[in-house]
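Asker: sequence first, then the predicted structure, then my questions.
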Amino acid sequence: MIEHIFFGLGTVNSIKIYDNDSKHYESLLQDIQKRIEYISSHCNFYDDKSDISRINHLAGQDYVTVDNETYKLIREAKAYSLKYKGFFDITVGPLTSLWHINTNRDELPSQQDIDQAITKINAQDILLKEDNQIALAHKGQAIDLGSIAKGYCVDLTKELLIEAGVKEAIIQYGGSVAVVGKKKKVGIQNPFGSLGDVMGSIETNACVVTSGTYEHYFIHENKRYSHLFDLRTGYPIETDMMSLTIVTSSALLGDVLTTVYFNGGIIPNNENVCVIMNDGRYYLSESLRKEFYAR
């Protein structure tokens with residue numbers, strides 16, 4: 001077994017390959033790291049030189065020619081934003097800028113600023129042209145890919161490993177995990193514990209994506225405000241759920257659906273989910289119970 005650990009996408013990432021002669025894949029892992037770092041730099045909301053920042057800076061003014069990976073990701077994310085309108089939308093950037101999650105604040109944004117930010121959220125205003133050209137229709141609009149970039153990169157990494165002939169592996173980028181080959185046990189983070197503390201595991205050969213209100217937040221007057229936004233109110237969501245884990249075919253789809261369900265989207269009865277509530281109780285869908293191992 002060989003494990004490759006690197007930093008990117010704002011988190012620590014790990015790729016484990018279990019094939020025999022795994023050292024044969026060292027150069028492949030280095031190449032994957034460079035590609036993920038490259039995508040991360042182009043999709044960084046806070047980097048003025050990134051593709052995303054250039055699109056946002058010229059919103060309502062002009063098209064921007066972007067990297068092929070950026071174009072593919074935004075095109076796919078726009079489709080999901082339109083499909084799950086009101087629950088998921090990558091043009092959430094005005095709220096991202098307004099709230100400054102991850103830093104404690106002396107005061108909250110004004111209601112007027114929040115109301116104005118909401119009016120700018122509309123994925124229909126993402127304009128796509130041939131030759132990787134993208135624009136936003138109105139000034140002040142902004143794309144933020146923070147909710148799905150990890151899932152996209154996990155799916156891409158899985159694809160690259162399989163193309164290279166890897167038979168058995170685990171990819172973990174933050175809360176997004178994919179298994180290649182035989183089933184493996186994937187831990188579910190205990191949101192009440194320290195980093196690495198799991199409340200159980202799921203045995204699967206699919207993708208496992210976890211999101212939660214405990215991950216990124218700020219405190220104001222003893223109240224915690226999450227990084228997950230309610231697109232209807234413009235405020236961080238208020239929910240009884242502490243974390244939500246979904247098992248699905250694609251890590252990108254998992255990123256989308258966790259956001260949708262946290263935003264109040266109805267979880268279908270046949271969805272493979274584990275939900276941990278604020279009071280410590282947890283719900284496990286019937287389809288996952290045979291694959292779940294409590295700690």
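Answerer: Yep, it's here. Residues are numbered from 1 along each chain as shown.
Asker: okay, CA-based contacts and neighbour counts for the rest of this
Answerer: OK.
Asker: for residue 190, give its distance to residue 295.
Answerer: Residue 190 sits 10 Å away from residue 295, going by C-alpha to C-alpha, to the nearest Å.
Asker: and for residue 114?
Answerer: Distance, residue 114 to residue 295, using C-alpha to C-alpha: 42 Å.
Asker: residue 250 too?
Answerer: Per C-alpha to C-alpha, residue 250 is found 26 Å from residue 295.
Asker: for the helix or strand of the chain with the lowest mean pLDDT, name the packing helices and strands.
Answerer: One helix or strand of the chain scores below all others by mean pLDDT, DSSP states H and E: strand 217-220, with a mean of 72. On a contact count with 3 or more C-alpha pairs under 8 Å, 6 or more residues apart in numbering; DSSP states H and E, strand 217-220 meets strand 223-226.
Asker: ok so, going back, how about the least confident helix or strand of the chain: buried residues?
Answerer: For strand 217-220, burial by neighbour count (16 or more other C-alpha atoms under 10 Å) applies to 217, 218.
Asker: correct me, but residue 93 touches residue 140?
Answerer: No: using C-alpha atoms under 8 Å, residue 93 makes no contact with residue 140, being 9.2 Å away.
Asker: pick out whichever of the two has more residues nearby.
Answerer: Neighbours per residue (other C-alpha atoms under 10 Å) separate residue 93 from residue 140, with residue 93 holding more: 22 against 18.
Asker: tell me how far the ends of stretch 233-248 are from each other?
Answerer: Length of stretch 233-248, first residue to last, C-alpha to C-alpha: 29 Å.
Asker: run through who's touching that stretch.
Answerer: The contact list for stretch 233-248 (C-alpha atoms under 8 Å, 6 or more residues apart in numbering) reads 95, 114-115, 117-118, 188, 191, 206-214, 225-230, 254, 258, 262-263, 271-278.
Asker: quick one on the thing from earlier: more neighbours: which of residue 250 and residue 295?
Answerer: A direct count of neighbours by other C-alpha under 10 Å for residue 250 and residue 295 places residue 250 higher, at 21 against 10.
Asker: filter the contacts of stretch 233-248 to the buried ones?
Answerer: Listed as buried from these are 95, 114, 117-118, 188, 191, 206-214, 225-230, 254, 258, 262-263, 272-278; burial here means 16+ other C-alpha under 10 Å.
Asker: so which of those residues are in strands?
Answerer: Within these, residues falling in strands by DSSP state E are 188, 207-212, 225-226, 273-277.
Asker: make JSON lines out of the residues you listed and add distance to residue 26.
Answerer: Listed next are these as JSON lines, based on distance: C-alpha to C-alpha, whole Å:
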{"residue": "188", "distance to residue 26": "28"}
{"residue": "207", "distance to residue 26": "23"}
{"residue": "208", "distance to residue 26": "25"}
{"residue": "209", "distance to residue 26": "26"}
{"residue": "210", "distance to residue 26": "28"}
{"residue": "211", "distance to residue 26": "30"}
{"residue": "212", "distance to residue 26": "33"}
{"residue": "225", "distance to residue 26": "41"}
{"residue": "226", "distance to residue 26": "38"}
{"residue": "273", "distance to residue 26": "34"}
{"residue": "274", "distance to residue 26": "35"}
{"residue": "275", "distance to residue 26": "37"}
{"residue": "276", "distance to residue 26": "37"}
{"residue": "277", "distance to residue 26": "41"}
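Asker: which one of the residues you listed is nearest to residue 54?
Answerer: residue 226 (26.8 Å; C-alpha to C-alpha).
Asker: I figured the closest one hits residue 220, correct?
Answerer: No: checked against C-alpha under 8 Å, the pair residue 226 and residue 220 is beyond contact range at 11.1 Å.
Asker: contacts only, for the closest residue to residue 47 other than its chain neighbours.
Answerer: With C-alpha to C-alpha, 6 or more residues apart in numbering as the criterion, residue 47 has its nearest non-adjacent residue at 6.6 Å, and that residue is residue 53. Contacts for residue 53 (C-alpha under 8 Å, 6+ apart) come out as 44, 45, 46, 47.
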